[in-house]
Structure formats: C-alpha cells, structure tokens
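Chemist: Curious how this folds, go ahead:
(one chain, ligands or ions: 2)
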Amino acid sequence: MQIIAHRGASGLAPENTLKAIRLALKLGAPAIEIDVQQADGELWVFHDRRLDRCTNGHGVLSRQSAAYLQGLDAGDGEPIPLLWHVMAAIKGECELHIELKGIETAEGVADLTRRAEVELGFMADQWLVSSFHHPELARFGALRPEIRLGALIANRPLALSHAAEALNAWSLNCDLDFVDEALVKDAHDRGLKVLIYTVDQLEDARQLHEWGVDGIFTNRPDLMLKDTQLGQH
Ligand code: G3P
Ligand code: MG
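Modeler: Ligands and ions are numbered 1, 2, ... in the order given. Model (predicted):
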C-alpha cells in the first residue's frame with residue numbers, strides 16, 4: 001500500500017508549504033499530494049478557498065493579486081508556494097499528486113507538468129492529477145492523456161465507482177468516512193486503483209490494507225512509513 005504525504009508532511013509542518021514538502025522527501029515518502037488553485041494567472045499550492053485559516057491574510061485566494069499572495073505567511077514564516085516551486089523542490093525524487101481545486105487549473109498544470117518533465121527530471125508516470133471537479137479533471141485528461149487521473153469522491157455514490165470509470169481514471173480517490181470493502185472490490189473489478197484520504201490512525205490504515213486498498217493519503221507519513229504491516233511500495 002503506497003503512503004502518500006497529504007499536503008506534504010502536514011502533521012509535522014505547515015500544510016502545502018515547501019517545509020512540509022522537504023520533510024516528506026526526507027522521510028522517504030514515495031508520493032506527495034498537494035492542492036492547486038489559480039489566482040492572478042499563477043498556480044498556488046493551497047487547500048482552502050479562503051486564506052484565513054492557514055495564513056495571516058484574508059479573503060478568497062482566487063481574487064487576490066500575486067503581489068498580495070507572495071507577501072503572506074503560510075506558517076513558520078513560509079510563503080504560499082507556487083506549483084513550480086514545489087516541482088523544483090522535488091525534481092522527480094518521488095511522485096507528485098496534484099489535486100486541482102476548482103476551475104482554471106487544467107491548462108496551467110498541463111503546461112507545468114510538460115515543462116517539469118523537460119527541465120526537472122520528472123517522468124510522466126510520476127504524476128497523478130486528481131479533482132473533485134470531474135469536468136476540470138476531464139479537461140486535464142484531454143490535454144495530457146498520458147498522465148494518470150484520480151477521480152475524487154467525498155460520498156458513497158449509488159453507482160459506486162462508475163464515475164471514475166467513466167472518466168477513464170487510473171484511481172478512485174475516496175474519503176475514509178465512505179469506504180468499505182464492497183466499494184474497494186467494485187473499483188478493482190473495473191480495473192481502478194483505490195486511494196483513501198485522510199488516514200492518520202494505524203488501525204484505519206491496517207484495515208484498509210486488509211481490504212486491498214492501494215494507497216493512503218496521510219498527514220503522518222512518519223508513522224505510516226515505520227509500520228511494517230502496511231506492505232508499502
Ligand atoms: O487528494 C486527497 C485529499 O487531499 C482530498 O481532500 O480536502 O484534503 O484536499 P482535501
Ligand atoms: Mg487535497
């Protein structure tokens with residue numbers, strides 16, 4: 001089961017900052033997940049719609065200028081990084097899972113992934129691009145059909161993992177609150193991998209491993225990578 005550092009090693013450093021990314025790399029995480037939003041023509045690595053919880057700024061991120069966003073403190077004096085800065089910190093040393101938050105991200109992520117493959121040593125199979133916004137994910141898939149897609153869901157649909165299959169996704173990325181063995185089996189029967197967020201307790205991780213889940217997003221990669229029962233790869 002793959003251990004994916006959620007928003008970097010975000011249980012140990014401010015989420016989605018370069019500090020959290022570097023710590024996840026140092027811990028040996030095989031994959032790192034980040035959230036990406038667009039503002040003022042740039043792609044920013046940030047989870048919330050609003051700036052208030054994670055920075056000393058205010059308001060909706062997508063409505064701010066680059067000059068304002070660059071000056072904010074996202075924790076421990078760390079700035080909100082641009083997607084390119086995160087890519088440059090990783091340089092193909094592990095997989096990067098890029099979650100598209102909302103619209104106007106697909107084109108920019110397609111361009112930067114291409115550029116990072118030329119300039120930073122990434123391989124196309126080291127990306128996994130995911131989103132709850134399935135139309136935006138489909139737009140990305142049309143731009144870069146060789147990159148794996150993760151269809152995010154935060155519920156338990158009547159049609160189980162049908163939406164992920166319809167998107168031609170590589171994985172179904174599901175909330176821990178809604179996963180059960182039948183959903184895992186349904187996804188596997190359709191040829192999909194199953195990745196579960198956000199798993200910070202070992203007892204949950206072990207249960208998911210027993211069900212055959214392929215990967216977990218965790219804020220505590222340190223704990224999960226140490227556990228010998230999880231069969232990491
Ligand atoms: O990509 C998995 C997980 O990050 C999705 O939810 O809200 O943490 O971005 P969220
Ligand atoms: Mg996310």
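Chemist: for this structure, longest strand please?
Modeler: For the chain, the longest strand by residue count, based on DSSP state E, is strand 31-39.
Chemist: residue boundaries of the helices in this protein?
Modeler: Per DSSP state H, the chain has helices spanning 18-27, 66-70, 83-90, 106-119, 134-143, 162-166, 181-189, 202-210, 221-226. These are given in chain order.
Chemist: circling back: pull up the pairing partners for the longest strand of the chain, direction included.
Modeler: strand 2-6 (parallel), strand 42-45 (antiparallel), strand 95-100 (parallel) (DSSP bridges).
Chemist: Mean neighbour count, mean pLDDT and distance to ligand 1 added to these, as TSV?
Modeler: The way it works is simple: take the backbone N, C-alpha and C, and place the C-beta from them, glycine included. What follows is those, written out as TSV (neighbours: other Cβ atoms under 10 Å; pLDDT from 0 to 100; distance: least, Cβ to the nearest ligand atom, whole Å):
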stretch	mean neighbour count	mean pLDDT	distance to ligand 1
strand 2-6	28	98	6
strand 42-45	23	98	11
strand 95-100	24	98	5
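Chemist: Make TSV out of these and add distance to D177.
Modeler: Output for these, formatted as TSV (distance: least, Cβ to Cβ, whole Å):
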stretch	distance to D177
strand 2-6	15
strand 42-45	25
strand 95-100	18
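Chemist: how distant is the longest strand of the chain from the center of its chain?
Modeler: When distances are taken as Cα atoms, centre = their mean, to the nearest Å, strand 31-39 is centred 6 Å away from the chain's centroid.
Chemist: Let's see that strand as CSV, backbone CA atoms only.
Modeler: Taking Å, rounded to 0.1, in the frame of the first residue of the first chain, the C-alpha atoms of strand 31-39 are listed here in CSV:
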residue,chain,number,x,y,z
ALA,A,31,4.5,10.2,-3.1
ILE,A,32,3.4,13.7,-2.0
GLU,A,33,-0.1,15.2,-2.5
ILE,A,34,-0.7,19.0,-2.9
ASP,A,35,-3.7,21.2,-3.6
VAL,A,36,-3.5,23.7,-6.5
GLN,A,37,-5.6,26.8,-7.2
GLN,A,38,-5.3,29.6,-9.7
ALA,A,39,-5.0,33.3,-8.9
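Chemist: Could you tell me which residues within it count as buried?
Modeler: Within strand 31-39, the residues scored as buried using 16 or more other Cβ atoms under 10 Å are A31, I32, E33, I34, D35, V36, Q37, Q38, A39.
Chemist: Touching, I80 and F46? I think so.
Modeler: Yes - at 5.4 Å, I80 and F46 qualify as touching, with contact defined as Cβ atoms under 8 Å.
Chemist: any residues in contact with both of those two?
Modeler: Jointly contacting I80 and F46 under the rule Cβ atoms under 8 Å, 6 or more residues apart in numbering are N16, A74.
Chemist: Return the residues of this protein in contact with ligand 1.
Modeler: Contact residues (Cβ under 6 Å from any ligand atom) of the chain with ligand 1: H6, E33, D35, H47, E99, S130, L152, N173, Y197, T198, F217.
Chemist: residue closest to the middle of this structure?
Modeler: Centroid-nearest residue in the chain, with Cα atoms, centre = their mean: E33, separated by 3.1 Å.
Chemist: For ligand 1, what's its nearest residue on this structure.
Modeler: Nearest residue of the chain to ligand 1: Y197, at 3.7 Å (Cβ to the nearest ligand atom).
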